[in-house]
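# what's the 3D shape of this:
(2 chains)
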Amino acid sequence: DTEVTQTPKHLVMGMTNKKSLKCEQHMGHRAMYWYKQKAKKPPELMFVYSYEKLSINESVPSRFSPECPNSSLLNLHLHALQPEDSALYLCASSQGGARGEKLFFGSGTQLSVL
Amino acid sequence: DAKTTQPPSMDCAEGRAANLPCNHSTISGNEYVYWYRQIHSQGPQYIIHGLKNNETNEMASLIITEDRKSSTLILPHATLRDTAVYYCIVSDLSTGANNLFFGTGTRLTVIP
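Just a heads-up that it's a prediction; the model follows:
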């Protein structure tokens, strides 16, 4: 199993809603990542978890709240988002410790904030 | 923290080799060169990576110059399904996690 599974595939939410994005992998990877990608732009790193601990937060606003409940799961909790937060949210995982390892990406959640 | 420079777009005839260049003049000794591609609205797909030596796998070949300041991704026989945005990335391992910061990439169009 070399898949990173993201749910839901599409999400529409209002600015006052609370929603969560979910990411799951069963490759035994210990590093997991959230990226945000606006249309026609490259992915931008948001958060990195390494061994279930948050190791990188790329100055992301607090309306995005990551959570790593176990080594297979990564969540992104959303609250009070703005229309400019509409984007493709990508999850990735890697083994988590070795040099030169590669990232495996999910197919993303397309988020629209109204 | 994009550390690479790529042409914004390239065309390639179907069946011909596609050679995608990348400049990474500030690469440090521990940084790997990675190539990923992204087909419209899908997640990026790993292609190949290398440190110093040239690498080849079932998808592509990676040629890294001796000074490591540039590299070329070669798709030996391009097909229409290879139309995608190709990202050349150098990895920053200083944080202890393997992070990839994407540059703007090259949009490759394979023409029938």
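
# Residue 61 - how many residues pack around it?
With no chain named, the answer covers chain A. Look at A:P61: counted by other C-beta atoms under 10 Å in any protein chain shown, it has 11 neighbours. In short, each C-beta sits where N, CA and C put it, glycine included.

# think we crossed wires, I meant chain B
B:S61 has 17 neighbouring residues, counting by other C-beta under 10 Å.

# show me the contacts for it.
B:I48, B:N54, B:E55, B:L73, B:I74, B:P76 (C-beta atoms under 8 Å, 6 or more residues apart in numbering or on different chains).

# Secondary structure element holding the residue nearest to the spatial centre of chain A?
Centroid-nearest residue in chain A, with C-alpha atoms, centre = their mean: A:W34, separated by 3.0 Å. Under the criterion of DSSP states H and E, A:W34 resides in strand A:31-37.

# Do you have the strands of chain A handy? List them.
Shown for chain A, the strands assigned by DSSP state E span residues A:4-7, A:10-13, A:18-25, A:31-37, A:44-50, A:53-57, A:64-70, A:73-79, A:87-94, A:104-105, A:109-113.

# of all those, which lies closest to B:E66?
strand A:87-94 (28.4 Å; C-beta to C-beta).

# mind listing what's buried in the closest one?
Going by neighbour count (16 or more other C-beta atoms under 10 Å in any protein chain shown), the buried part of strand A:87-94 is A:A87, A:L88, A:Y89, A:L90, A:C91, A:A92, A:S93, A:S94.

# Close to chain B: what parts of chain A are there?
For chain A, the residues in contact with chain B (C-beta under 8 Å from any C-beta of the partner chain) are A:4, A:31, A:33, A:42-45, A:48, A:50, A:55-56, A:88, A:90, A:92, A:94, A:96, A:98-108, A:110.

# Of these, select the buried ones using a PyMOL command.
A single PyMOL command is used to select the members of the residues of chain A next to chain B judged buried by 16+ other C-beta under 10 Å:
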select buried, chain A and resi 4+31+33+42+43+44+45+48+50+56+88+90+92+94+96+101+102+103+104+105+106+107+108+110
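
# ok, back up a step: with neighbour count, pLDDT and distance to B:N23 added, can I get the contacts of B:S61 in a markdown table?
Below are the contacts of B:S61 laid out as a markdown table (neighbours: other C-beta atoms under 10 Å in any protein chain shown; pLDDT from 0 to 100; distance: C-beta to C-beta, whole Å):
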| residue | neighbour count | pLDDT | distance to B:N23 |
| --- | --- | --- | --- |
| B:I48 | 20 | 94 | 17 |
| B:N54 | 13 | 94 | 17 |
| B:E55 | 17 | 96 | 18 |
| B:L73 | 24 | 98 | 13 |
| B:I74 | 16 | 98 | 16 |
| B:P76 | 13 | 97 | 22 |
